[in-house]
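Visitor: Have a look; sequence and predicted model below, questions after that.
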Amino acid sequence: MVIPVTLTAYCALIVAVSLLGGLAPLALVLSHTRLQVYLSFAAGTMLGAAFFHMLPEAVAMGGPDTVKWASLGLLALFLLERFFAYHQHEPAEVAHHHHGHDEAGEHLAPALSWGTATFGLAVHSLIGGVALATAVVADAKEQGRVGGMAWGVFLATVLHKPADAMTVVSLMLRAGVAPRLAHLVNLGFALMIPVGAGLFFVGVDRLGPSNAESLTAAALSFSAGTFLCISLSDLLPELQFHAHDRLKLSVALLAGFLLMAATSTLE
Ligand SMILES: [Zn+2]
Ligand SMILES: [Zn+2]
């Protein structure tokens with residue numbers, strides 16, 4: 001009983017923050033530095049969630065071999081990003097203008113079409129929904145209740161989602177799409193989280209209880225790999241493109257990371 005209630009509440013909150021992220025594009029509300037600080041913090045929580053919550057739990061459930069699945073998750077998201085270049089949270093011309101170096105423009109991904117970016121983000125959200133459901137189910141299996149891991153994965157997702165929503169909406173608006181349609185697409189994209197969670201249950205239901213346990217462990221490890229990729233794809237460009245505010249950005253990153261380390265000691 002605790003699983004559907006918790007998961008529904010988590011999904012509802014994530015959909016809500018996604019809509020808010022799209023309604024008030026963060027890039028407009030936040031200065032460049034504040035946006036980067038937020039992105040660093042959010043990336044730190046994803047990094048921490050993968051190492052402190054998801055991987056240890058996956059290994060506890062499915063043994064050391066389960067770690068292999070993390071590499072597949074990481075590669076899958078990397079390839080998704082390579083071909084759909086969806087994870088560029090800052091409008092290119094803002095970054096370009098701010099940093100004022102011509103070369104940066106050439107290194108950025110080619111101008112994004114919102115269609116491909118939205119597709120990439122939708123798949124990314126779908127996988128995020130699977131991760132959330134997996135974390136809630138694994139926690140409930142191990143401890144009979146929703147514990148620190150589900151909370152950690154939820155928190156990392158809720159912090160990350162507004163950045164994705166902002167990407168979708170601002171790409172569409174810049175392409176001249178009507179705002180109403182842009183917010184509708186953003187809603188559809190937010191709903192991919194509950195759809196992903198649903199897919200996980202469809203998959204688990206088709207298997208017997210013992211297979212369900214190993215599927216959960218594998219899905220958890222795969223999800224950890226996707227979290228690592230998301231985190232790094234937000235962090236690594238900072239090295240190349242954002243030499244300013246290095247101390248602030250590092251503090252934000254460590255704060256997100258330590259938040260996840262702290263929630264893992266609650267278990
Ligand atoms: Zn994202
Ligand atoms: Zn910068």
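Guide: Ah, there it is. Residues are numbered from 1 along each chain as shown. Ligands and ions are numbered 1, 2, ... in the order given.
Visitor: pLDDT weak spots in the stretch 51-200 of the chain?
Guide: Within the stretch 51-200 of the chain, the stretches with pLDDT under 70 are 90-112.
Visitor: roughly how far out does the lengthiest helix in the chain sit from the chain middle?
Guide: Criterion DSSP state H: the longest helix present in the chain is helix 209-241. On the basis of Cα atoms, centre = their mean, to the nearest Å, helix 209-241 sits 9 Å off its chain's mean C-alpha point.
Visitor: what inclination does the next helix or strand after that helix have with respect to helix 209-241?
Guide: Toward the C-terminus, helix 209-241 is succeeded by helix 246-265 as the next helix or strand (DSSP states H and E). An angle of 170 degrees separates the directions of helix 246-265 and helix 209-241 when computed by axes from the mean of the first three to the mean of the last three Cα atoms, to 10 degrees.
Visitor: Quick check: which helices or strands does helix 246-265 pack against?
Guide: Under the contact criterion of 3 or more Cβ pairs under 8 Å, 6 or more residues apart in numbering; DSSP states H and E, helix 246-265 touches helix 32-48, helix 148-174. No exception for glycine: its C-beta is placed from N, CA and C like everyone else's.
Visitor: Would you point to the one among the ones you listed that's packed deepest?
Guide: When these are scored by mean count of other Cβ atoms under 10 Å, the highest mean neighbour count falls to helix 148-174 (a mean of 25).
Visitor: Give the other helices and strands that that helix contacts.
Guide: Using 3+ Cβ pairs under 8 Å, 6+ apart as the contact criterion, the secondary-structure elements in contact with helix 148-174 are helix 2-23, helix 26-29, helix 32-48, helix 114-143, helix 179-205, helix 209-241, helix 246-265.
Visitor: try 6 Å this time
Guide: If contacts are counted by 3 or more Cβ pairs under 6 Å, 6 or more residues apart in numbering; DSSP states H and E, helix 148-174 sits against helix 2-23, helix 32-48, helix 114-143, helix 179-205, helix 246-265.
Visitor: As JSON lines, these with distance to L220 would be great.
Guide: Formatted as JSON lines, those follow (distance: least, Cβ to Cβ, whole Å):
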{"stretch": "helix 2-23", "distance to L220": "15"}
{"stretch": "helix 32-48", "distance to L220": "14"}
{"stretch": "helix 114-143", "distance to L220": "5"}
{"stretch": "helix 179-205", "distance to L220": "10"}
{"stretch": "helix 246-265", "distance to L220": "14"}
